[in-house]
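Participant: Next one to model:
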Amino acid sequence: MSFPTVQGIEVLLEPPENYHVNFTHPFKDTATISSSYWAFGIEFSVALLFLLQRVYTATVIVRQWRTDDFMILAAWLLTTVAQCLILLCLFHGVLGVHIWEISLEDAIWETTLIHATTLTVIPGTVLAKLVLCIFYYRLSPIVWYRYAIITTSVITIAAFTAVWFAVQFACSPISAAWNLRLYTGTNCIDRPPVYMLQAIMGGVTDVMLMALPLPIILRLQMSWKHKTALIAWFGTGLITLGAAVARLVILIPSLKNSDTTFVLAQGTL
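Facilitator: Numbers count the residues shown, from 1 in each chain. Below you'll find the model as predicted:
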């Protein structure tokens, strides 16, 4: 497959007519890039504090590490690695810039990192959701409630496993998923719907996880003031739900946009 050349440099796509390409100082979506740095800094700090609290509790207070303690540690490591890969793309100027203002080799490098990010963040997300399922499972011995927890766990594992394999084996050969020189346009499945499915299932499972403890909370013998406080605490999952919805809103219009390196930057927030 041949690629266009701009100023003697191979690129994935030709620039629009009358667009002045500057490989040295390309136009950047600085607002999105800066927001990504800030979001990572805040999110990383908060997540690390909660993780340290969990580690301290398991090590010093309870003096026993249970399965979900190891799971949450693995989830934190995987999601942190995924976030670092995104930051690496932003720092090296292969995300948040127009696809025609980076070389083909840089575009391949960016695609490789984004592919690795997706494959890393999926198991991290699943582990984090399963930790919540384990926590909810211990809240009550009611049979129907525990079956609901198990059902949610199975749906989470099945949905995200399907997405993981769809991403990893989207092309033939497999490496065509990140090596753009091997991509012919017909040797890969239509991948945007797969990413949409990932965002949708993230939102659906978040709603399920938020709804699960409600029957137990409503049965508690306490004032509505305390019940409302508990519901609000469990409702913090709306933050991740909001992120899933925002990601879906960004993904839908970007499906027809060939300037992937520019539009995907907003989806990484």
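
Participant: If we ignore the residues flanking it in sequence, what's nearest Thr120?
Facilitator: Residue nearest to Thr120 in three dimensions, not counting chain neighbours: Ala82, with 4.4 Å by C-beta to C-beta, 6 or more residues apart in numbering. Using the backbone N, CA and C atoms, a C-beta is placed for each residue, glycine as well.

Participant: thought that neighbour was touching His115?
Facilitator: No. Using C-beta atoms under 8 Å, Ala82 is not in contact with His115, being 11.3 Å away.

Participant: Same drill for those two, tell me which one is more crowded.
Facilitator: More neighbours surround Ala82 than the other of Ala82 and His115, with 22 against 18 (other C-beta atoms under 10 Å).

Participant: gap between the strand or helix carrying the more buried one and the chain center?
Facilitator: Ala82 belongs to helix 67-91 when assigned by DSSP states H and E. Taking C-alpha atoms, centre = their mean, to the nearest Å, the mean C-alpha location of helix 67-91 is offset from the chain mean by 10 Å.

Participant: likewise stretch 104-117?
Facilitator: Here the centre of stretch 104-117 is set off from its chain's centre by 16 Å, with C-alpha atoms, centre = their mean.

Participant: again with stretch 185-200
Facilitator: So, by C-alpha atoms, centre = their mean, the centroid of stretch 185-200 is 15 Å from its chain's centroid.

Participant: Now do the same for the residue nearest to Thr120: its pLDDT.
Facilitator: Note on Ala82: pLDDT of 92.

Participant: can you check the one 3 residues further on too?
Facilitator: Looking at Leu85, its pLDDT is 92.

Participant: now swap in Gly237 and tell me
Facilitator: 65.

Participant: try the one 10 residues further on
Facilitator: Per-residue pLDDT puts Arg247 at 70.

Participant: Taking helix 67-91 as reference, get the angle to the helix or strand just after the helix holding Ala82.
Facilitator: Moving toward the C-terminus from helix 67-91, the next helix or strand (DSSP H and E) is helix 104-137. Angle of helix 104-137 versus helix 67-91, following axes from the mean of the first three to the mean of the last three C-alpha atoms, to 10 degrees, is 160 degrees.

Participant: Which strands or helices does helix 104-137 pack on?
Facilitator: strand 9-10, helix 67-91, helix 143-168, helix 192-211, helix 260-267 (3 or more C-beta pairs under 8 Å, 6 or more residues apart in numbering; DSSP states H and E).

Participant: which residues does Cys116 contact?
Facilitator: No, residue 116 isn't Cys; it's Ala. Counting by C-beta atoms under 8 Å, 6 or more residues apart in numbering, Ala116 makes contact with Leu85.

Participant: same question, Thr59
Facilitator: By C-beta under 8 Å, 6+ apart, the contact set of Thr59 is Trp65.

Participant: ok, so what distance separates the residue nearest to Thr120 from Pro123?
Facilitator: Plainly put, Ala82 is 10 Å away from Pro123 if you go by C-beta to C-beta, to the nearest Å.

Participant: do the same with Ala148
Facilitator: Applying C-beta to C-beta, the value for Ala148 to Pro123 is 23 Å.

Participant: Does Tyr37 touch Ile86 like I think?
Facilitator: No. Applying C-beta under 8 Å as the test, Tyr37 and Ile86 come out as separate, 10.4 Å apart.

Participant: of the two, who's got more company?
Facilitator: Ile86 (21 against 13).

Participant: Could you double-check that the more buried one sits in contact with Thr268?
Facilitator: Yes. Counting by C-beta under 8 Å, Thr268 is a contact partner of Ile86 at 4.8 Å.

Participant: now the helix holding Ala82 against helix 260-267, angle please.
Facilitator: 140 degrees.

Participant: mind listing what's buried in helix 67-91?
Facilitator: Under the neighbour-count criterion of 16 or more other C-beta atoms under 10 Å, helix 67-91 has 68-69, 71-73, 75-76, 78-80, 82-87, 89-90 buried.

Participant: Return the list of helices and strands in contact with that helix.
Facilitator: helix 30-56, helix 104-137.

Participant: Just send those back as a markdown table, with mean pLDDT and distance to Asp190 too.
Facilitator: Shown next, in a markdown table, are the helices and strands packed on helix 67-91 (pLDDT from 0 to 100; distance: least, C-beta to C-beta, whole Å):
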| stretch | mean pLDDT | distance to Asp190 |
| --- | --- | --- |
| helix 30-56 | 89 | 26 |
| helix 104-137 | 91 | 16 |
